[in-house]
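> please find the sequence and the predicted model below.
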Amino acid sequence: ARVTPAREADQKHPQTDDATAMSSSVLAASEEPLVVELEDAAPLARVTLAAPLEPATWTVTYVDGSTKPWASADGRRDLANHLAAGGADAYISVDQERDGQHLFVRVADALSESSSRTAATPKTKTTLALLREAEVKPRKNAALLYARRRLSAPGGGTPLLNDGARPAVSELWNHPDLAPRLGYTNYSVVPWLSLGREAALLLSDEATLLRPQPRERIFAHVTLIVNCHEDRPDPTKYRAVLDSAAGRAPPEIVAHAVHRWFPRGDDGVVEKNDAIQRAIWRHVSENGSVAIHCLAGIHRAAMITACHFLYRHYQLGHADVPSDCGDIYAKLQSVRPAVSPAYIDTLRMYEAHCRRVAAANHGFPALRTGS
């Protein structure tokens, strides 16, 4: 079955100095707003962005269900106080470039733009600047938040947040004492690739893995972290794992900036991917958990996770593991709804490689490249 991506990454890396020109959809009118869920931010619950680049359209929602428009100084003040308490310079991802990297707006710009207005100031529409991922990540105290589309509920009921946030509830892997179903988290257990209670495969955003003293005990069992957005990450930043596994060996870290891979070129993409998949299998099969992440855990990390389905099915001969790419993504979306297929050329190239290996080792028919 063909994978139909919501936004298929181009991977040709067109160059432009204007980040807004790289945005694929954020400036387009949308019937559904973007929503940013705020974790541990009581009394705040979320910020809704009707037009992501126009802060005048934003709304602050509280845990009691009350709302305040951005024009209300109270809502802005409460959000500013929450961010100041954590020393965070917050950025919200509102879209992705065609190569899958995130595009952010700076919350401080929205706050300062609104607070600078007075009754005598003309109420002209202000558009926030879009900032590239590579520009935002190195900034000191940068806190990265991710906006999701709010989906309409069946029958016109309360809208559902497309956050992909809650751990999987599955007979294949259901251990709430290790991965409790909290009100809001941003990691997901992939049950079809997990082998046991302490041998889980987690698809995660990065911020979850950086959080000190996490509530979830599953992080104490993580022995491998796969970073899909950096080539040389700081190994000391993964506080969720390091704090949980005090006294144990630190996790192995495998890191590749997947958005820099060029599948049509001769840069060893298949070999890099194969090495990642072998490392994942080695750790899970030795009763360790594996955390695969990028920034939001919905494009780059999801593609690497999808490749592990293929590795297990074809190269290891695990017939019970799905191998149809459409089915794989449907399963990932069932536990993490914000996932959308991206880097499809890389996925298809790896599928063809796995089938060639299977043909040689297990008698599976090979898949010709481009089929």
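Right, received. Where do you want to start? Worth saying up front: this structure is predicted, and the values here are computed from it rather than measured.
> hey, let's count contacts and neighbours off CA atoms from now on
Will do.
> so residue 35: helix, strand or coil?
strand (DSSP: H, G, I helix; E, B strand; the rest coil).
> tally of neighbours for it?
By the measure other C-alpha atoms under 10 Å, the count of residues near residue 35 is 24.
> mind checking the SS state of the residue nearest to it when sequence neighbours are not counted?
Residue nearest to residue 35 in three dimensions, not counting chain neighbours: residue 48, with 4.5 Å by C-alpha to C-alpha, 6 or more residues apart in numbering. Using three-state DSSP, the structure places residue 48 in strand.
> look at residue 48 and say how many residues are nearby.
Around residue 48 there are 24 other residues, counting by other C-alpha under 10 Å.
> from residue 109, how far out is it?
Distance from residue 48 to residue 109, counting by C-alpha to C-alpha, to the nearest Å: 16 Å.
> what's across from the residue nearest to residue 35 in the sheet?
Beta-bridge partners recorded for residue 48 (DSSP bridges): residue 35, residue 59.
> poorly predicted segments of the stretch 201-350 of the chain, please.
Within the stretch 201-350 of the chain, the stretches with pLDDT under 70 are 263-267.
> how about the strands of it, start to end?
Taking DSSP state E, counting those that start in this stretch, the strands of the stretch 201-350 of the chain run over residues 201-204, 222-227, 252-255, 289-293.
> test my guess that residue 172 contacts residue 191.
Yes - with contacts counted by C-alpha atoms under 8 Å, residue 172 reaches residue 191, the gap being 5.5 Å.
> picking that back up, report pLDDT for the residue nearest to residue 35.
Residue 48 is assigned 94 on the pLDDT scale.
> do a quick rundown of the helices in the stretch 251-371 of the chain.
269-285, 300-310, 325-335, 344-361 (DSSP state H, counting those that start in this stretch).
> okay, those helices, which one's buried deepest?
Stretch with highest mean neighbour count among the helices of the stretch 251-371 of the chain: helix 300-310 (a mean of 25; mean count of other C-alpha atoms under 10 Å).
> that one to strand 289-293, inter-axis angle?
Helix 300-310 and strand 289-293 are oriented at 130 degrees to each other (axes from the mean of the first three to the mean of the last three C-alpha atoms, to 10 degrees).
> for the record, mean pLDDT for stretch 149-166?
Stretch 149-166 comes out at a mean pLDDT of 42.
> hang on, the earlier thing: what distance do you get for the residue nearest to residue 35 to residue 130?
When distance is defined by C-alpha to C-alpha, residue 48 is 18 Å away from residue 130.
> okay, the strands of the stretch 201-350 of the chain in TSV with mean neighbour count and distance to residue 261 next?
TSV is the format used below for the strands of the stretch 201-350 of the chain (neighbours: other C-alpha atoms under 10 Å; distance: least, C-alpha to C-alpha, whole Å):
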stretch	mean neighbour count	distance to residue 261
strand 201-204	28	20
strand 222-227	24	14
strand 252-255	18	13
strand 289-293	28	16
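> okay if I get the ones you listed as a markdown table plus distance to residue 325?
Formatted as a markdown table, the strands of the stretch 201-350 of the chain follow (distance: least, C-alpha to C-alpha, whole Å):
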| stretch | distance to residue 325 |
| --- | --- |
| strand 201-204 | 17 |
| strand 222-227 | 21 |
| strand 252-255 | 24 |
| strand 289-293 | 18 |
